[in-house]
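*Asks:* build me a structure from this.
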Amino acid sequence: MHATPNSFLARAPRALIALAAVSALSGLAGAQTTWFVDDDGPGDPFPGVSVPGNPAFSDPAEDGTAAHPFDDVYKAVDVAAHGDTVLVLPSNVIGFYALTSPLDLLGKAVTVKSTNGPLVTALDGTGIPGTSGVLIDSGEGPDTVLEGFTLQGFDRGSSSGASGGALFVSGASPTIRGCRFVGNHAHAGGGLFLSASAATVEDCEFLDNSATHQGGGLFSASGSSDVLRCTFEGNEASYGAGALFRTNAADLVEIVECAFLDNESLVGYGGAFAKFDQGALDVVRCSFAGNVAAATGGAAQVHGPGLFRECRFVGNTAVSGTVMASLGGTGAAGTVLVLGSTFTQNTGGAVTESGGQMVLRNSIAWADAPFEIGSGVTVAHSDVLGGWAGTGNLDADPQFLDPWGPDGLIGTLDDDLSLAITSPCIDAGDTLALSGAARPVDFAGNPRAIDAPGTADTGVTSLWVTTDMGAFEFAPPTPCGTRVFQTTRRP
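*Replies:* Okay, the predicted model is just below:
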């Protein structure tokens, strides 16, 4: 994939871009030296041509300054000290920076970021098969930041132990922000491999990565890394978790406001997500759509405890099981709680448990095939097609506002699963079961437990209000006919 400079870059002299970046950084508290990387710098003797390290084609006076930037990232990282920033301008020569060996951040608390974002700044690994692209494995902490790159075309290999196609993190806890992992491969963690790490992965995209074993997009082992506002789309793994696999974690891991779209487990479980450990897990306001597993857990398979709240599961498929499956673990320690979520148009059934404990509360399971609820699931204050034994359960059309969505296809991501004003799910949930902050929010980021005037409170009330069933809290219309709250979160 070749990045194309945007119209601004096509017009502006590159030295001015670099100088503007210096100005922007000058006011940052604690900022130390800023090093610049540009493979087509203002002092290069032949514009549009770069041979890193060769002064005949590169600036012979390059020193990492804005006027004389380095022509590759390695040099900047080598000279950077703790607290420094490395700014990488878009490649104007071949459209990306072709790595010749793994880029090791060397244990330094440095920020390595692009000036113009991942769509125009790529690190390419097609020339170094058999290795990871970037290494962060020397005890780095959250002050080590990798930001704003596309990492593409890295192939670590398919043999056991070949982990982390684009990025390998072990024994370190960096911040990975605003990056795109595209078309990478490994035995485990085709895009990103985390081991013994408390990394923060935020605002990233994992697209079309693959793993021979598990975790096509991301594999996390023995750590407590959080994944925030990320998109996993089109990733695949042979045996488990096309998008994200987690194992051997003892501490709480949070996956918040992420979208899992069209990922696949080719012969195993967990089309999008799988967890195999006894560590705590919070999956909050996430969307699972179009994921496929050859076995159980078309969207997610969970072994051990976990909490899924305010999530939506639409159009997922499990060939030989249900879309959401709980395996192993006994008693409260092994309970998977699904709270305030919506399941619809999934194939293989909505939820089931096998050897564990699954609880569905304040949720909607409607129009899934061939059934909604499997054996062993405890259901309360939920709307289930065909009915289900339990306190406060309904068997009534939830009246989604627009289940077909703008594309006219039911069971796709643009379906509007919020509730019509006449829905029986309004004010029918158990307010005492709400989890999280003192004032929890729904999938769209709107407050929970908003009373709908004129609607009977058929659920459990707390402080004079009653929450709704499903991922979306009903927002009463204003006198002008618009709804009080609008969807602000990712689809």
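*Asks:* roughly how far is stretch 228-242 from the heart of the chain?
*Replies:* Computed by C-alpha atoms, centre = their mean, to the nearest Å, the chain-centroid distance of stretch 228-242 equals 9 Å.
*Asks:* dump the residue contacts of Q301.
*Replies:* Shown in contact with Q301 (C-beta atoms under 8 Å, 6 or more residues apart in numbering): G240, Y269, G270, F273, A274, K275, A293, A325, S326, L327. In this view, the C-beta of every residue, glycine as well, is placed from N, C-alpha and C.
*Asks:* now intersect the residues you listed with the strands, please.
*Replies:* Those of the contacts of Q301 mapping onto strands are F273, A274, K275, A293, A325, S326, L327, per DSSP state E.
*Asks:* among the residues you listed, which one lies nearest to H187?
*Replies:* A274 (15.8 Å; C-beta to C-beta).
*Asks:* before we move on, back to that, nearest to F96, out of the ones in strands among the contacts of Q301: which one, please.
*Replies:* F273 (30.2 Å).
*Asks:* the residue nearest to the closest one when sequence neighbours are not counted - how many residues pack around it?
*Replies:* Closest residue in space to F273, ignoring its immediate chain neighbours: A300 at 4.3 Å, by C-beta to C-beta, 6 or more residues apart in numbering. Using other C-beta atoms under 10 Å, A300 has 34 neighbouring residues.
*Asks:* does A300 really touch M324, like I thought?
*Replies:* Yes - the criterion here is C-beta atoms under 8 Å, and A300 meets it with M324 at 5.6 Å.
*Asks:* still on that earlier bit, turn the buried ones among the contacts of Q301 into a named PyMOL selection, would you?
*Replies:* Selecting only the buried entries of the contacts of Q301 in PyMOL, with 16 or more other C-beta atoms under 10 Å as the criterion:
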select buried, resi 240+269+270+273+274+275+293+325+326+327
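*Asks:* now the contacts of Q301 as TSV including pLDDT and distance to V88?
*Replies:* Converted to TSV, these look like this (pLDDT from 0 to 100; distance: C-beta to C-beta, whole Å):
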residue	pLDDT	distance to V88
G240	88	35
Y269	91	39
G270	93	35
F273	96	32
A274	94	35
K275	92	35
A293	95	38
A325	82	43
S326	77	44
L327	64	44
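*Asks:* looking at the contacts of Q301, spot the one nearest T347.
*Replies:* The closest of these, once distances to T347 are taken by C-beta to C-beta, is A293, at 10.7 Å.
*Asks:* that closest one and G270 touch, don't they?
*Replies:* Yes - the criterion here is C-beta under 8 Å, and A293 meets it with G270 at 5.9 Å.
*Asks:* farthest-apart pair in the contacts of Q301, please.
*Replies:* G240 and S326 (15.1 Å).
*Asks:* centroid residue for the protein?
*Replies:* In the chain, the centroid-proximal residue (C-alpha atoms, centre = their mean) is C230; its distance is 2.8 Å.
*Asks:* low-confidence bits of the stretch 351-491 of the chain, can you list those?
*Replies:* Across the stretch 351-491 of the chain, residues meeting the criterion (pLDDT under 70) sit at 435-439, 477-491.
*Asks:* strands along that one, start to end?
*Replies:* For the stretch 351-491 of the chain, the strands defined by DSSP state E, counting those that start in this stretch cover 351-354, 357-361, 364-366, 377-380, 383-384, 400-402, 416-419.
*Asks:* CSV please, covering these and showing mean neighbour count and distance to H213.
*Replies:* Supplementary listing: the strands of the stretch 351-491 of the chain in CSV, determined by neighbours: other C-beta atoms under 10 Å; distance: least, C-beta to C-beta, whole Å:
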stretch, mean neighbour count, distance to H213
strand 351-354, 24, 22
strand 357-361, 24, 26
strand 364-366, 29, 32
strand 377-380, 21, 30
strand 383-384, 28, 36
strand 400-402, 18, 38
strand 416-419, 22, 34
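*Asks:* could I get the ones you listed as JSON lines with distance to D427?
*Replies:* Below are the strands of the stretch 351-491 of the chain laid out as JSON lines (distance: least, C-beta to C-beta, whole Å):
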{"stretch": "strand 351-354", "distance to D427": "24"}
{"stretch": "strand 357-361", "distance to D427": "16"}
{"stretch": "strand 364-366", "distance to D427": "14"}
{"stretch": "strand 377-380", "distance to D427": "16"}
{"stretch": "strand 383-384", "distance to D427": "13"}
{"stretch": "strand 400-402", "distance to D427": "17"}
{"stretch": "strand 416-419", "distance to D427": "10"}
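*Asks:* closest one to A289 among those strands?
*Replies:* Judging the strands of the stretch 351-491 of the chain by C-beta to C-beta, what sits closest to A289 is strand 416-419, at 11.0 Å.
*Asks:* what pairs with the closest one, parallel or antiparallel?
*Replies:* Its sheet considered, strand 416-419 pairs with strand 400-402 (antiparallel) by DSSP bridges.
*Asks:* ok, and what's touching the strand it pairs with?
*Replies:* By C-beta under 8 Å, 6+ apart, strand 400-402 touches T344, D415, D416, L417, S418, L419, A420.
*Asks:* out of these, the closest to L432 would be?
*Replies:* L419 (20.6 Å).
*Asks:* hang on, that closest one packs against A475?
*Replies:* No - L419 is beyond contact range of A475, at 9.1 Å (criterion: C-beta under 8 Å).
*Asks:* against T296, how distant is R180?
*Replies:* 30 Å (C-beta to C-beta, to the nearest Å).
*Asks:* so for these two, which sits in the more crowded spot?
*Replies:* More neighbours surround T296 than the other of R180 and T296, with 28 against 22 (other C-beta under 10 Å).
*Asks:* next up, the contacts around T422.
*Replies:* Taking C-beta under 8 Å, 6+ apart, we find T422 in contact with Q399.
*Asks:* understood, closing this out.
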